[in-house]
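A.B. asks: Sequence first, predicted model second:
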There are 2 protein chains.
Amino acid sequence: MKNIFFTPGPSALYFTAEQHIKEALKSDIASISHRSKAYVKMHQETTELLRELLQLPENFTIGFTSSATEVWDRMSENLIRKHSVHFINGDFSKKFHTAVSAHGKNAEGRTVAAGTHHDLPSAVIDSNVELIGLAQNETSTGAAMPVEDIYRLRAKYQDPLLVIDAVSSLPIPQFDFTQLDSLYFSVQKSFGLPAGLGVWTFNERCLEKAEQLKAEGNYHDSYNSILKIAKMAAKHQTTCTPNVLNIYLLGKVVKDMLTKGIDQIRQEANYKSALLYNLFETHPKLNAFVKENKFRSKTVGVAEVEGGSESLIKRLAKKGLNIGNGYGEFKNKHIRIASFPTHSKEQIEMLVDEINQLDF
Amino acid sequence: MKNIFFTPGPSALYFTAEQHIKEALKSDIASISHRSKAYVKMHQETTELLRELLQLPENFTIGFTSSATEVWDRMSENLIRKHSVHFINGDFSKKFHTAVSAHGKNAEGRTVAAGTHHDLPSAVIDSNVELIGLAQNETSTGAAMPVEDIYRLRAKYQDPLLVIDAVSSLPIPQFDFTQLDSLYFSVQKSFGLPAGLGVWTFNERCLEKAEQLKAEGNYHDSYNSILKIAKMAAKHQTTCTPNVLNIYLLGKVVKDMLTKGIDQIRQEANYKSALLYNLFETHPKLNAFVKENKFRSKTVGVAEVEGGSESLIKRLAKKGLNIGNGYGEFKNKHIRIASFPTHSKEQIEMLVDEINQLDF
């Protein structure tokens, strides 16, 4: 039986990805020079399609990195002179805080229990804070911040750069990019691509900050520093030989998403997420880890499993249904189930049926 | 007509790569977690096969980066306190020097004209130099340093770390790893894979240097710093979600190379390279850019073209034969032709015949 991956990333490939990979091989995409006209045309197509899907305004640059992890470093290196604040409610928001601290910056971490959420609209931020980091969608726990809460924080604090981890949620939430300064994601989550590419969007305020730090001599001048990425992105290129195949595939999958319609994809996300949370609320051995509906991720559903999650995960795997284990401290305690755009309503329905029928 | 890419990277895919990509799709390699047992097993297989092919001793770690460009940064950040020396004879050896300088280190660049070579055995190195960098194979000009010359330099200066750019030559030269400290390459050159993965090998002396700099507070603690790469590599893992598909493909292609036999591959490289240089020496409009046979790359042949290279490149492209243009200042002056392991003797013979028959 063919396996289905409901893991929260890497996950199932987008249902058209395999066909696009085969077409890429036929059209020699993996052999063209990353400085050729053919590459530039392809790179531009991908970024323009992505801009359309995300409704990303022109003052935002689309940069490519090796991963979202790299983006944490690049921001630590060149967007913070000294002070940042990080809203931590799980392992991924914590990792950004750890990265900034490792770079010797004064990174304040504000931690609430995993699976819960910060009261963003009531948060008070010191006037010396240069950057605010938060994970809109905590892949480790399935806790999501409503975009409106983020905007209310922004309305109060317009000076610090507001950078948002949307690694596993995009393109499901519709962001208003006038309310944030940088947003980044990985392609192996909701976009259903092979791993090995991060997408980092940032506006002119980020570039101004970097220029300022450079003028002060506080700039880490690496090959993929933000100013170099921006300079090459303006020419539809990258700072080094990139993952050309993935940049091509991203364009193709985004085009397919546009053809299907982002509204349709978002409606399906609501439906699939509701199915998962209905399972977590009705199954005697499962409990939704995030209690309040408002803070539940639409793309990663997480439940505590009475007696531990190992047996359930193994039994499903035997049927070719691969779901995620709990992350970090929740290993063998939680299950994590992705309902990404590639996962059909029928697949989620089948998974829910299987879990309901299993004796675990 | 199917295109053939003789470009010096990205280049033609290894002739088995397409089949391996299709098998990867069937076996869900792109969907497995990079922290799963299946991943760890695959990662270990790839590195063990590569170790066998390169005859890499156990005191060397195999790390994965996004590119060779990244390796320059990682070395600049954590293998040099202050002083390095770089033997520059083309744009890629120069780029490493530029990267180290950008990190505020005192990087001495010793430049000879492109296409010529340093007299390595006679070089004199200051006693404060911590790292010596050189490109064994200058992809920009086709100039190669004989490994014996490198060893003679090493014999005189054993203290500095000796790091070697073999981006476009491996696995053709056989290196004696007791004579060097770090060697790195990219997979989109001789290994015939899609771009987006660098391979960085380094020994315990590099790790000791990094530990020393860390203890002194001179360490740049990024996600892909050498100590983090080494720590994860010991567990057959990477510091972040890597290009899983490429790590899998690298293992498969290396296995195919081992099956074919590295001696056979090296003999063919000699033959193909001899064909190209014979063309450059006999064709009235072509001149080998590297004059001395001893310093000619076995994998990238470069020639000056009387009257400019543009017309020849375009005419060949019309026939589906894609060769490289000159690099940097030599654009439209040179041609660069890769004879990587995937290029068959027959393909190189055909290319030579076509060039001989063309009126350009």
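C.D. replies: Right, received. Where do you want to start?
A.B. asks: What are the boundaries of the helices in the stretch 1-150 of chain A?
C.D. replies: Along the stretch 1-150 of chain A, counting by DSSP state H, counting those that start in this stretch, helices occupy A:17-26, A:37-54, A:68-78, A:91-102, A:147-156.
A.B. asks: Which residues does the longest one contact?
C.D. replies: What it means is helix A:37-54. For helix A:37-54, the surrounding residues in contact (Cβ atoms under 8 Å, 6 or more residues apart in numbering or on different chains) are A:29, A:32-33, A:56, A:60, A:62, A:170-171, A:175, A:177, A:199, A:201, A:233, A:235-238, A:244, A:247-248, A:250-251, A:254-255, A:257-258, A:262. To be clear about C-beta, it is placed using only N, CA and C from the backbone, and glycine gets the same treatment.
A.B. asks: Could I get the buried residue list for that helix?
C.D. replies: A:39, A:42-43, A:45-47, A:49-51, A:53-54 (16 or more other Cβ atoms under 10 Å in any protein chain shown).
A.B. asks: Quick one: mean pLDDT for that helix?
C.D. replies: Mean pLDDT, computed over helix A:37-54, is 98.
A.B. asks: so how far is it off the chain centroid?
C.D. replies: Averaging C-alpha positions (Cα atoms, centre = their mean, to the nearest Å) puts helix A:37-54 19 Å from its chain's average.
A.B. asks: ok, now stretch A:16-32?
C.D. replies: The answer for stretch A:16-32 is 25 Å, by Cα atoms, centre = their mean.
A.B. asks: How about stretch A:193-213?
C.D. replies: With Cα atoms, centre = their mean, you get 14 Å for stretch A:193-213.
A.B. asks: Need the winner for burial among the helices of the stretch 1-150 of chain A.
C.D. replies: Mean neighbours per residue, mean count of other Cβ atoms under 10 Å in any protein chain shown, is largest over those for helix A:68-78, with a mean of 26.
A.B. asks: Show me what it is packed against.
C.D. replies: When contacts are defined as 3 or more Cβ pairs under 8 Å, 6 or more residues apart in numbering or on different chains; DSSP states H and E, helix A:68-78 packs onto helix A:91-102, strand A:182-186, strand A:198-203, helix A:204-216, helix A:226-233.
A.B. asks: pLDDT (mean, whole number) over the third one?
C.D. replies: If you average the pLDDT over strand A:198-203, you get 98.
A.B. asks: What residues of stretch A:276-285 count as buried?
C.D. replies: A:276-277, A:279-280, A:283.
A.B. asks: Return the member of those residues nearest to chain B.
C.D. replies: residue A:276 (19.2 Å; Cβ to the nearest Cβ).
A.B. asks: residues near residue A:344, how many?
C.D. replies: 15 (other Cβ atoms under 10 Å in any protein chain shown).
A.B. asks: right, and the helix or strand after the longest helix along chain A?
C.D. replies: When chain A is parsed with DSSP state H, its longest helix is helix A:262-282. Per DSSP states H and E, the first helix or strand lying C-terminal to helix A:262-282 is strand A:286-288.
A.B. asks: which other residues reach that next one?
C.D. replies: Here strand A:286-288 has contacts from A:277, A:279-281, A:296, A:301-306, A:335, A:355, using Cβ under 8 Å, 6+ apart.
A.B. asks: Looking at those, point me to the pair that's furthest apart.
C.D. replies: A:296 and A:306 (19.7 Å; Cβ to Cβ).
A.B. asks: neighbour count winner among the two?
C.D. replies: Neighbours were counted for residue A:296 and for residue A:306 using other Cβ under 10 Å; residue A:296 has more, 22 against 14.
A.B. asks: for the record, mean pLDDT for stretch A:347-360?
C.D. replies: Rounded mean pLDDT across stretch A:347-360 is 96.
A.B. asks: Number of residues surrounding residue A:15?
C.D. replies: 14.
A.B. asks: which ones are touching it?
C.D. replies: A:192, A:342, A:344.
A.B. asks: With residue A:97 instead?
C.D. replies: A:86, A:88, A:107, A:109, A:133.
A.B. asks: For residue A:133, see how far away residue A:96 is.
C.D. replies: Computed as Cβ to Cβ, to the nearest Å, the residue A:96 to residue A:133 distance reads 5 Å.
A.B. asks: okay, and the common contacts of these two?
C.D. replies: In contact with both residue A:96 and residue A:133: A:75, A:86, A:165, using Cβ under 8 Å, 6+ apart.
A.B. asks: Between the residues you listed, which sits nearest chain B?
C.D. replies: Nearest member of the shared contacts of residue A:96 and residue A:133 to chain B, counting by Cβ to the nearest Cβ, is residue A:75, at 11.7 Å.
A.B. asks: Isn't the closest one up against residue A:181?
C.D. replies: No - counting by Cβ atoms under 8 Å, residue A:75 stays clear of residue A:181, with 10.2 Å between them.
A.B. asks: Give me the common contacts of those two.
C.D. replies: residue A:163.
A.B. asks: ok, the closest residue to chain B within the stretch 51-200 of chain A - contacts?
C.D. replies: Nearest residue of the stretch 51-200 of chain A to chain B: residue A:196, at 3.1 Å (Cβ to the nearest Cβ). Listed by Cβ under 8 Å, 6+ apart, the contact set of residue A:196 reads A:66-67, A:187-188, A:243, A:246, B:66, B:196-197, B:241-246.
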